[in-house]
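A.B. asks: Next come a sequence and a model predicted from it.
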Amino acid sequence: MTMTASYEGLYIDGKWAPAASEGYESVVNPATEESIGTAPVGTEDDCARAIDAARRAFDDGPWPRMAAADRARHLEAFGAALESRRAELTDLVIAETGAPRGLAVGLHIDTSLAHLAFFTESARWPRETPLPLDLTPRPGGGGLLGAQVLVREPYGVVAAITPFNFPLFINLAKIGPALAMGNTVILKPSPYTPLEALVLADAAEAAGFPPGVFNVITGGGEVGVRLTTDPAVDMISFTGSDAVGAAISAQAAPTLKKVLLELGGKSALIVRADADLDAAAAFAVGQYTLQAGQGCSLCTRHLVHESVRDAFVERVVAGSQALSIGDPADPSVTMGPLIRASQRTRVEGYVAGALADGGEVATGGQRPPGLDRGYFYEPTVVVGLDNSARICQEEVFGPVAVVLTFSSDDEAVHIANDSPYGLSGAIYSRDSGTAYEMALRLRTGQVAINGGSGRMNSWAPFGGYKRSGIGREYGVEGVQAYTQSKSVLFNAG
């Protein structure tokens, strides 16, 4: 498959315009190291124009005051425009992110559009919630009957800053609820994956969004800093590393912006002695190699009861070695590349550090032979360490899993919670009641028991404890994160 897509302008105030820099960058296919197109490089001046457009659209435009049904119809047209380009989007996801076709279709496209449909319907949710009546006694007898209404209103101008690993998915996870609630949005994608964001601008134009409601601005650090510091931006929604999330919080603090952060993870899979080892090992392999391990919620610490540790490792090694690694344009490939050479070098450094700490590589640990182009790295399983090792405490963001052992449920919970992160987790056990009780003890935002419910449910809030973030996405809580609450009080006379 040869995929090319180029954009000559940024999308600001309902119009396409060249970047102020007049500069363009090639977008590289991580599997082939070849260019798949070009995108403009936004500047701080472009960002300022986008902020001004979004501010005007919110303060003076129709979008925040539009009837909910009309906003929903715009979002339906937006989703339909994306659906009409499904084949093109699938090829773009494969070429831009390195996702195998099955993952590109199932998660990047299908799940993303399902979430968008949920957000579209949320635009129709009632904005007013009656609160309990209140009877206040009068000094001379009788009483005053009072009532209150809780009103949900859009937050304002929202800056959505997104990463490279699941760009379409995460872009829609932010702009969907923000737009549904009546906010205006400035989307800044990763410089590695700008094309999927610019496709969204095409869809917004086709959907007839009023000018300034949705803007896409590319660029690097200076653009991000302008978004996080400009007083005209009311809210930041960011997905990425905990280090960048902390920096964004500091940048946003002087203007007291709301900050929604979905950050890194080092999630634990607990495999009890009574677990179905075949199912647990299959889950483990799928987790740590999904998108070449470039996922914040993936379970990369495998905590296994000491009595079944060897049998589990044997199964995970076999499953890892059975994966087909290569160019994801090939339908037979089940794991693609890392996003860039720098990311592969980072992963190699963590594995080298694990070996220096006394760990052993049960499988993998090198670049796949015969793949001289592309940023590939073998699925790698490290054993022989305890949870204090650096590779067990820090997010690698690559196809590397660490197997640790425990002797009791209490010890498993302790090891799982002994982490600066708390985004996700999983438990395998034939005793579902005990597994549920353990899940309640884990300090993490999500726990899957025996593989979970089968798919990502739009109604289930997603987010982390500790350094894994602040706030929630998806569900009622995630939609309402893009609103302010106002109490209106009145009496019956």
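C.D. replies: Okay, I see it. All figures in this text were calculated on a predicted structure; none of them were measured in a lab. Numbers count the residues shown, from 1 in each chain.
A.B. asks: Quick test: name the residue nearest the centre of the protein.
C.D. replies: A centroid search over the chain (C-alpha atoms, centre = their mean) returns residue 170, at 4.7 Å, as the residue closest to the centre.
A.B. asks: what about that residue, which SS state?
C.D. replies: Secondary structure for residue 170, judged by DSSP: H, G, I helix; E, B strand; the rest coil, is helix.
A.B. asks: Which residue, other than its chain neighbours, is closest to it?
C.D. replies: Leaving aside its sequence neighbours, residue 170 sits nearest to residue 162 (C-beta to C-beta, 6 or more residues apart in numbering; 4.7 Å). Where you see a C-beta, it was placed from the backbone N, CA and C, and this is true even at glycine.
A.B. asks: which residues sit in contact with residue 196?
C.D. replies: 89, 92-93, 96, 167-168, 171, 189 (C-beta atoms under 8 Å, 6 or more residues apart in numbering).
A.B. asks: Can you list which of these are found in helices?
C.D. replies: 89, 92-93, 96, 167-168, 171 (DSSP state H).
A.B. asks: and which of the residues you listed is nearest residue 146?
C.D. replies: Set against residue 146, the nearest of these by C-beta to C-beta is residue 171 (44.1 Å).
A.B. asks: ok, the closest one touching residue 161?
C.D. replies: No: between residue 171 and residue 161 there is no contact under C-beta atoms under 8 Å: 10.3 Å.
A.B. asks: Could you tell me how far the host helix or strand of residue 270 lies from the centre of the chain?
C.D. replies: Under the criterion of DSSP states H and E, residue 270 resides in strand 267-271. Computed by C-alpha atoms, centre = their mean, to the nearest Å, the chain-centroid distance of strand 267-271 equals 20 Å.
A.B. asks: Same check on stretch 205-213?
C.D. replies: For stretch 205-213, the distance to the chain centre is 25 Å (C-alpha atoms, centre = their mean).
A.B. asks: where along the stretch 151-300 of the chain do the helices fall?
C.D. replies: Taking DSSP state H, counting those that start in this stretch to define them, one finds helices in the stretch 151-300 of the chain at 167-180, 195-207, 221-229, 242-252, 277-289.
A.B. asks: so what does the fourth one touch, helix or strand wise?
C.D. replies: Read it as helix 242-252. helix 221-229, strand 235-239, strand 258-262 (3 or more C-beta pairs under 8 Å, 6 or more residues apart in numbering; DSSP states H and E).
A.B. asks: Tell me which residues are up against the helix or strand that residue 479 is a member of.
C.D. replies: Here residue 479 sits within helix 475-480, counting by DSSP H and E. For helix 475-480, the surrounding residues in contact (C-beta under 8 Å, 6+ apart) are 119, 122, 125, 152, 177, 180-181, 458-463, 471-472.
A.B. asks: Could you list the domains of the chain?
C.D. replies: 10-263+470-490, 267-458 (automatic domain parsing).
A.B. asks: Can you list the low-confidence ranges for the stretch 51-200 of the chain?
C.D. replies: Applying pLDDT under 70 to the predicted model, the stretch 51-200 of the chain contains no residue that meets it.
A.B. asks: what's the closest of the contacts of residue 196 to residue 10?
C.D. replies: Proximity of the contacts of residue 196 to residue 10 was ranked by C-beta to C-beta; the top entry is residue 189 with 11.3 Å.
A.B. asks: check contacts around that closest one.
C.D. replies: 162, 167, 171, 196-197, 216, 218.
A.B. asks: Skipping its backbone neighbours, what lies nearest it in space?
C.D. replies: Nearest residue to residue 189 in three dimensions, chain neighbours excluded: residue 197, at 3.7 Å (C-beta to C-beta, 6+ apart).
A.B. asks: repeat for residue 430
C.D. replies: Using C-beta to C-beta, 6+ apart and skipping the chain neighbours, the partner closest in space to residue 430 is residue 274 (4.6 Å).
A.B. asks: The one you found and residue 433 touch, don't they?
C.D. replies: No: assessed by C-beta under 8 Å, residue 274 is found out of contact with residue 433, at 12.0 Å.
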